[in-house]
Structure formats: structure tokens, C-alpha cells
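**Student:** Turn this into a structure:
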Amino acid sequence: MATIFLSYRRTDSPQACRVHDWLTGRFGRDAVFMDVTAIPVAVDYTDYIADAIADSRIMIVLIGRDWASRTHSADDPVRSEIESAMRHKVPILPVLIGNTPMPDPENLPASISALAFQNAVT
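**Tutor:** Alright, predicted model coming up:
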């Protein structure tokens, strides 16, 4: 499995493909997990993603303007990815897209509010 897990929202992070391309150019295709490029056909994608997160050495979370508003849904896949990374003690690197500020902890579900205290990059 890949060592870098890329977590993003398709509607909120159109730069995800460029970030993926840069990471694979720097670390190699096998080092980066991005759902649309890494999940084989005819597999349970939820199990595959869970295994990929558990095997990762870092999770990069792309955070755009509307990112936090969707995390309050219990079935939000990005929230689930972050919760899984936290359970497996996978370091999380938030990447703020454009002028997006870091979400305040009170604007995040309790299960991922610690993300607000991670040192982020833009």
C-alpha cells in the first residue's frame, strides 16, 4: 500500500489531481493513495480505503472553503478517513486551499476537532 494517503473533497478541492501528480512525481506512483487512481474495480472500496489509511505513514487533508461544513454528517467519507487516521495514529497534514482558514475546533465534530490544532500548510 501507499505511504501517503490523500484525503479531499472533489467539489471543494479541484487541485487534488495536481497535488497527486506532484506527489507521485516526487515520491513515485506507488507511494501515493488517491481513491480514483488506487482502488481496483470489483472491491469493497470502504475496506480498501480503511486498509490504505492503516498502512499509511501520513495523511494529507486538502481543506477548501466549504470543507468543514460537511464534516458534521455521520456518513461523511472525509470525516471517516480522518477518524480512521486518528485511530491508527497516522500523522495528518492539513493543506489549506487558497485563502481557506484552518477550521475552528468548535466548528468540527468532536471526533476530529483535534485536527484544528495540527500545523497546516497553504
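
**Student:** Could you tell me the per-residue confidence at the closest residue to Arg10 other than its chain neighbours?
**Tutor:** Nearest residue to Arg10 in three dimensions, chain neighbours excluded: Ala16, at 7.2 Å (Cβ to Cβ, 6 or more residues apart in numbering). For the C-beta atoms, the positions are set from N, CA and C on the backbone; glycine is no exception. pLDDT recorded at Ala16 is 90.

**Student:** next one: Gly25
**Tutor:** 95.

**Student:** Wait, a helix at it?
**Tutor:** Yes: under DSSP: H, G, I helix; E, B strand; the rest coil, Gly25 falls within a helix.

**Student:** Give me the distance between it and Ala50.
**Tutor:** 27 Å (Cβ to Cβ, to the nearest Å).

**Student:** between the two, who's got more neighbours?
**Tutor:** Ala50 (16 against 10; other Cβ atoms under 10 Å).

**Student:** Confirm for me that the more buried one is in contact with Arg87.
**Tutor:** No: look at Ala50 against Arg87 with Cβ atoms under 8 Å: they stay out of range, at 9.9 Å.

**Student:** residues shared between the contacts of those two?
**Tutor:** Common contacts of Ala50 and Arg87 (Cβ atoms under 8 Å, 6 or more residues apart in numbering): none found.

**Student:** Okay, and the closest residue to Ser111 other than its chain neighbours sits in which element?
**Tutor:** Using Cβ to Cβ, 6+ apart and skipping the chain neighbours, the partner closest in space to Ser111 is Glu83 (5.3 Å). Taking DSSP states H and E as the criterion, Glu83 maps to helix 77-87.

**Student:** Tell me which stretches of the chain form helices.
**Tutor:** Using DSSP state H, the helices of the chain run over 16-27, 35-38, 45-55, 77-87.

**Student:** Cheers, nothing more for now.
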